[in-house]
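1. here is a sequence with its predicted model. Questions after.
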There are 2 protein chains.
Amino acid sequence: MTRSAIRPLLSLGCLLATFAAAAANAPGHADEGTLFGFSTSAATAQQDLERRFDAQLDPAELRSWLKQMASQPNQVGSPHDRANAEFMLAKFREWGWDAHIETFSVLYPTPKKVALELLGPKPYVAALHEPAIEGDATSSLAGVLPPYNVYGADGDVSAPLVYANYGMPDDYQELARRGIDVRGKIVLTRYGGGWRGLKPKLAQQHGAIGCLIYSDPHDDGYAKGDAYPQGGWRPAQGVQRGSVADMQVYPGDPLTPGTGSTPGAKRLALKDASTILKIPVLPISYADATPLLQALSGPLAPAGWRGALPLTYHVGPSTANVHLTVQSDWKQQPVYDVIATIKGSTEPDQWIVRGNHHDGWVFGAWDPLAGNIAMMAEAKAIGGLLKQGWRPQRTLVYASWDGEEPGLIGSTEWAETHAAELQRKAVLYVNSDTNGRGFLGAGGSHSLQHLVNQVTAGVADPETHVSVRERLRAHMRVAGSDKDAKPEAKAIATLAAAGGDLPIAALGSGSDYSAFLEHLGIASLDLGFGGEDDNGGIYHSRYDSFDHYLRFGDPTFEYGVALAKVAGHVVLRSADANVLPLRFGDFSDTLGRYVGELHKLVDDTRKATTQQHQLLDSQAFALDADPTRSVAPPARDSDMPAIELAPLDRAAKQLAQSAKAYQAAYDQRAATGFDLTAAQRQQLDRLIGNMEQRLTDPSGLPGRAWFKHMIYAPGMLTGYEVKTVPGVREALESRRWDEANRYAADTAKVLDRYRAQLDRLTALLKG
Amino acid sequence: MTRSAIRPLLSLGCLLATFAAAAANAPGHADEGTLFGFSTSAATAQQDLERRFDAQLDPAELRSWLKQMASQPNQVGSPHDRANAEFMLAKFREWGWDAHIETFSVLYPTPKKVALELLGPKPYVAALHEPAIEGDATSSLAGVLPPYNVYGADGDVSAPLVYANYGMPDDYQELARRGIDVRGKIVLTRYGGGWRGLKPKLAQQHGAIGCLIYSDPHDDGYAKGDAYPQGGWRPAQGVQRGSVADMQVYPGDPLTPGTGSTPGAKRLALKDASTILKIPVLPISYADATPLLQALSGPLAPAGWRGALPLTYHVGPSTANVHLTVQSDWKQQPVYDVIATIKGSTEPDQWIVRGNHHDGWVFGAWDPLAGNIAMMAEAKAIGGLLKQGWRPQRTLVYASWDGEEPGLIGSTEWAETHAAELQRKAVLYVNSDTNGRGFLGAGGSHSLQHLVNQVTAGVADPETHVSVRERLRAHMRVAGSDKDAKPEAKAIATLAAAGGDLPIAALGSGSDYSAFLEHLGIASLDLGFGGEDDNGGIYHSRYDSFDHYLRFGDPTFEYGVALAKVAGHVVLRSADANVLPLRFGDFSDTLGRYVGELHKLVDDTRKATTQQHQLLDSQAFALDADPTRSVAPPARDSDMPAIELAPLDRAAKQLAQSAKAYQAAYDQRAATGFDLTAAQRQQLDRLIGNMEQRLTDPSGLPGRAWFKHMIYAPGMLTGYEVKTVPGVREALESRRWDEANRYAADTAKVLDRYRAQLDRLTALLKG
């Protein structure tokens, strides 16, 4: 389901946040030729190993695996989903891995009846069906579930319709200013602008009794490019399926928050599962949405609400009612995680975990199989290395997750089941999901930023033959040179032009890293190529197929191979480094930038509040308004007290000092070829490997204790998109001033614990 | 034709340029209750006069005049155009004015044959016709010319089609990067993004053999609001007519540049008229454009090129040919300017000129008659004042121009015919054109900024009942408070919030002030309300009708009355002031800001050049490009030498000192009630009245000597939009470095002459 996580390859806001970090630590080309975490001799051996790894990657194999695995519908509970798991199990074993399937039984409703009609003088019955498309071989196959949003409620409702744009909080403010109330109505929203699941959740919170989500061609249809099959974009009848579980509270099986869905696990009653909606919701095509939009009168929709359909968008409400029916079979289903292991030769209790999911919404060629086949290629090549006599020093765990689409279920249940062991042993989680042509999108823990930079500097881009990093650098430079580029993009371009490390993005959610990073505090990465492919329009539809991928994805599978190289080198280098290759100064610098952003947020919010109050007090909104088009002044923002960021300032400053001392000690050790005893090395590894856990707080974030990482989290009001220092940032954004102050202090405490452990590491390095 | 001039009520770029000026001179509320240019006793009498003027303005009369004048097609050469002139002549005389019609014979081609068809496998014959619309009484009338672009060439051409977006210079760069050449092709452009006439001119310069211009619903159709007749926006078959004469070189009759089209005037041969195109051009509806756009393949159009039609925009070229025929009757036609005068009692050789045109493209209810009826209301009320015994001290000249639509012809020929007398006598030209509901758009010579502020502070907005100025202030504040507002809008909001004078915009072109301001150097204003009406979609179409105006314009005609008040008070105050109410410090401050902008332009251009060269030298464009979608790097910008703005800096600084000294002397005189002798007063008036002429240079601007004002001009590559300090700014923008340096020196010279005259005024005031 990774669209938002990978597709905007680099979250520019996050990049801006980190560019100072990268600039501060930029090695220029000083460390080219050396490998971070390796002695000189070990580096030479490692580079040879990686060349042998690369030599075994074969695009023809990726293609054949994709064709096979995407040949039938493979959603959770489908026969082919299980067949794919068993196919991989056999492959892992064939390649020399110790593999098994770990099964969880989870709540997984599927539709029994879905229906939608417009009543009144111009009735319309929605087709709710994606027809076969010529040239797309799998589009005519049976076994496809009707388009639906899993974890919406059952319901049979009739009510007037209101159009609410993307259905985000600001959109409801705009409705309110126009005197439109959605209580007792059905809300029509469009995909985009924020995570899908927030749309029905916010509709429900505002009193709506049903919600529709359609794909406007402005966002992923003919306005972006030719529609499938002429081009890759969404055709008129295409529908985006997807989960609407409230994953910002907790992902995974809605009935087992925080624990694995093992046979004996205690399960919530359905009515007590807080991540399941109380109103019905249905995703529809723009062909089905058009008659509904045409039925709306009332105020003209604000300019930013208008899509690309050939009509004038109004907000409604409609005079005719809309009738929506959703009935599901609320059953338990098994999910099949394929887990494959190679035990480390010298550090078996240091785990490098690598994952990608294998369940799709229909055929899942792009999402997730394009990423999964890269992971399989890595596993096969690692198997080949084993046959050549190599063994990793640390343990490798490769996982192909099931049940990601309904809610990160396979990874979450596995991580929750093995939480204690993972927190003891796992030092890194490397995720991927979809993959395409273009530029590497890399996000994750900033202590891994330098490792990502070193790895990507050593992998060639298939199209340009410069390194993946240098191509990304060119992309950043060009993007920032556009005269209309945003300040963030310009800042990044300046950094990219300066040479040295490129920043990585911070992670929110939308793929299987969530449980590892945000629940367990395991340093994580998410990797994938994209930006040149046309996949937006078939996302989560019947047309996410092998045929589509061959034409509009990565036709030669060279980017699949490139992903295998990048992720594989990260894994291999982490497995065999003399010292785990994390650089905490990069995190410290990034954190310093985040704190700077929070200060700016406080200042900007204060200015905006003052300005809004002045405008209200001077009647400016009322005087500006057109009396023939009723738009009321905005609701008055609350007053803003003093905000206490001082604890964060202090903690960030001290961390920066400690990071500097650490780096000096590290450089000293590196200069002497890491002459460490086995015991010292183990102690270092153990402490480095759980540094990220120091950033978690057992009580978690406000209203969502499952999310324990105090620096990275998906936004409660954005969905997949990250909020950094979320306890403070989200409180400020939502004007919960006391909470902002409290979490500034609490976040400072976790930073202090992080710093304390970093100081221990420095002492160890100094010996 | 004033759309671009009035519709974006305030050119934000220009406002930014002037806000420092306004801030510097802001009187706060210190001068409320006093009238600039008046002694205390004279001010009291003047305010009484203006109240008596206001009392005579009757919205019912405006309505009846509009209904009458828009009841038949009134384009140049139509019977009703002449009838309207004679109607006004009779009215002016009835109201006590000395009035006559002044006739010029000008080149005015009208279409004999227009045809457009798509050939090939999916042929389409364009309708080129605007059908009658229910509820629009005049839309079924005969006598309407077919939609055309006057002053395009005759031609009968068949060629492949290329889509070039708005057809502006940047668009051709994008085409070139995609390997698309328009030589020998027909170019399809859309309205918007720059003046209409530039589209075929640039197509011709790039080698095209024909040009089409269509109205995309993104820009003025259903994407903006409901189409006519449900709403006010452009229906599928609506067409925007308009002139494509190269008015940036010279407006008026193409055969008589610089001289009046009087019977004995020397006329150019048609082939030598440089403002007439060499290729045929035709405006079309989006209904007719849709099959043409669908016939295009080739590269996907860049994101900003895509309109609101339900198709994927490609740039082409088409495989099928398009066949375009335009044949016109190249005849001479009379234009009828109605000129009405009231001789000044004490200063008959000081003229206050007020104008609006009366010719439309079809019925012209909005454009121009909504403005013309306000002017008529002023004339009638002034006639009433005459009957009450009042006479203006200075002479009033009211003019209703003909032939504005084809190229500002009536005003230009009149101004050229009477150039010498106007330069001796005319101290002010006040223009209007269309008018609607909302906010005042005011542009003009910045020495008039304070007068406009004082007048608008004394006229009530019909909807909110605060002053027109205070409503505009609220509008500026709210517009700048939007979180997505541009920096200029934010800066203006800050200024507006501070109180005091609001800035006025600089004038480019698009209405009848051009000859007065830019050719003769007469201080000018352009005034009109708008921003709440829906007129974009019927601009220059058959649907610009009385019925449309009644529903979507100013249904109560209260904004017509408000315009009459604003323009009338400007006229009356200028006519009777003790000293002409121009404040040169406002100009000086504005000019200082413009010079600052030029420095920024030099710096930004230098940075962009360096950046582009670095990107090209590092192959960043090539590395960033998708090899499957060929987009070449941009052409290399020329190197940039040192630019010499020092003469401008020096001149601006000295002018600021002189303006300060002038204001001190003026304030001293004002404090003593302007105790001047008649001779002193006449001398002051004469010098104040021709100050603006000091800003002209007889040799004019590069390549267009007709434009003699060195501070304000329409942009050569923007059309109506202003370029301030144009000799320097346009040279910099077009990378003509030597020319920039030369015009920096030349502009400094006119500023020095302006300053010298200002110093004489100061000496006179000091007595």
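-> Yes, it's here. Numbering: from 1, shown residues only, chains lettered A, B, ... in the order given.

2. interface residues of the stretch 251-400 of chain A facing chain B?
-> A:Leu300, A:Arg306, A:Ala308, A:Leu309, A:Pro310, A:Leu311, A:Thr312 (Cβ under 8 Å from any Cβ of the partner chain). Where C-beta positions appear, they are placed from N, C-alpha and C, glycine not excepted.

3. what is the end-to-end distance of stretch A:704-718?
-> 15 Å (Cα to Cα, to the nearest Å).

4. just for the stretch 651-767 of chain A, where's the confidence low?
-> Within the stretch 651-767 of chain A, no range satisfies pLDDT under 70.

5. ok, now which ones touch the residue in it that chain B sits nearest to?
-> Across the stretch 651-767 of chain A, the shortest distance to chain B (Cβ to the nearest Cβ) belongs to A:Glu733, at 12.5 Å. Shown in contact with A:Glu733 (Cβ atoms under 8 Å, 6 or more residues apart in numbering or on different chains): A:Leu601, A:Leu717.

6. can I take it that A:Gly530 is in a strand?
-> Yes - the assignment for A:Gly530 is a strand, going by DSSP: H, G, I helix; E, B strand; the rest coil.

7. A:Thr434 is in contact with that one, correct?
-> Yes - using Cβ atoms under 8 Å, A:Gly530 is in contact with A:Thr434, at 7.4 Å.

8. of those two, which one has the most company?
-> A:Thr434 (30 against 25; other Cβ atoms under 10 Å in any protein chain shown).

9. so how far is A:Gln294 from the more buried one?
-> Using Cβ to Cβ, to the nearest Å, A:Thr434 is found at 34 Å from A:Gln294.

10. again, but for A:Leu89
-> To A:Gln294, A:Leu89 is 51 Å away according to Cβ to Cβ.

11. okay, these two: which has more neighbours?
-> Between A:Leu89 and A:Gln294, counting by other Cβ under 10 Å, A:Leu89 is the more crowded of the two (19 against 16).

12. which residues sit in contact with the more buried one?
-> A:Ala99, A:His100, A:Ile101, A:Val338 are the contacts of A:Leu89 under Cβ under 8 Å, 6+ apart.

13. same thing with A:Asn435?
-> With Cβ under 8 Å, 6+ apart, A:Asn435 has these contacts: A:Trp366, A:Ala370, A:Gly371, A:Ala374, A:Gly528, A:Phe529, A:Gly530, A:Asp554, A:Tyr559, A:Gly560, A:Leu563.

14. so who does the fifth one touch?
-> Read it as A:Gly528. Contact analysis of A:Gly528 by Cβ under 8 Å, 6+ apart lists A:Thr2, A:Ile6, A:Gly371, A:Ser432, A:Asp433, A:Thr434, A:Asn435, A:Gly436, A:Leu440, A:Gly441, A:Leu563.

15. swap the cut-off to 10 Å and go again
-> A:2, A:5-7, A:9, A:356, A:370-371, A:374, A:431-436, A:438-443, A:511, A:559, A:563, A:566-567 (Cβ atoms under 10 Å, 6 or more residues apart in numbering or on different chains).

16. same question for the last one.
-> Neighbour list for A:Leu563: A:57, A:62, A:356, A:370-371, A:373-375, A:377-378, A:432, A:435-436, A:440, A:459, A:468, A:527-529, A:554, A:557 [criterion: Cβ under 10 Å, 6+ apart].

17. what's the burial count for the nearest residue to it once chain neighbours are set aside?
-> Closest residue in space to A:Leu563, ignoring its immediate chain neighbours: A:Ala374 at 4.0 Å, by Cβ to Cβ, 6 or more residues apart in numbering or on different chains. By the criterion of other Cβ under 10 Å, A:Ala374 has 31 neighbours.

18. what helix or strand is A:Ala374 on?
-> Applying DSSP states H and E as the criterion places A:Ala374 in helix A:370-387.

19. and the next helix or strand past that helix?
-> strand A:394-401.

20. report the angle between that next one and helix A:370-387.
-> 150 degrees (axes from the mean of the first three to the mean of the last three Cα atoms, to 10 degrees).

21. thinking again about what came up before, which of the contacts of A:Leu89 fall within strands?
-> Per DSSP state E, strands hold the following members of the contacts of A:Leu89: A:Ala99, A:His100, A:Ile101, A:Val338.

22. select only the buried ones of those in PyMOL?
-> Restricted to buried positions by 16 or more other Cβ atoms under 10 Å in any protein chain shown, the PyMOL selection for the ones in strands among the contacts of A:Leu89 reads:
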select buried, chain A and resi 99+101+338
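
23. tell me who's in contact with the closest residue to A:Asp624 other than its chain neighbours.
-> Closest residue to A:Asp624 apart from its sequence neighbours, by Cβ to Cβ, 6+ apart: B:Val478 at 4.1 Å. For B:Val478, the contact set (Cβ under 10 Å, 6+ apart) comprises A:Leu615, A:Ala620, A:Phe621, A:Ala622, A:Leu623, A:Asp624, A:Ala625, A:Pro633, B:Ala485, B:Ala489, B:Ala493, B:Ala496.

24. swap in A:Tyr286?
-> A:Tyr286 makes contacts with A:190-191, A:214-222, A:234-239, A:293, A:307-309, B:310, as judged by Cβ under 10 Å, 6+ apart.
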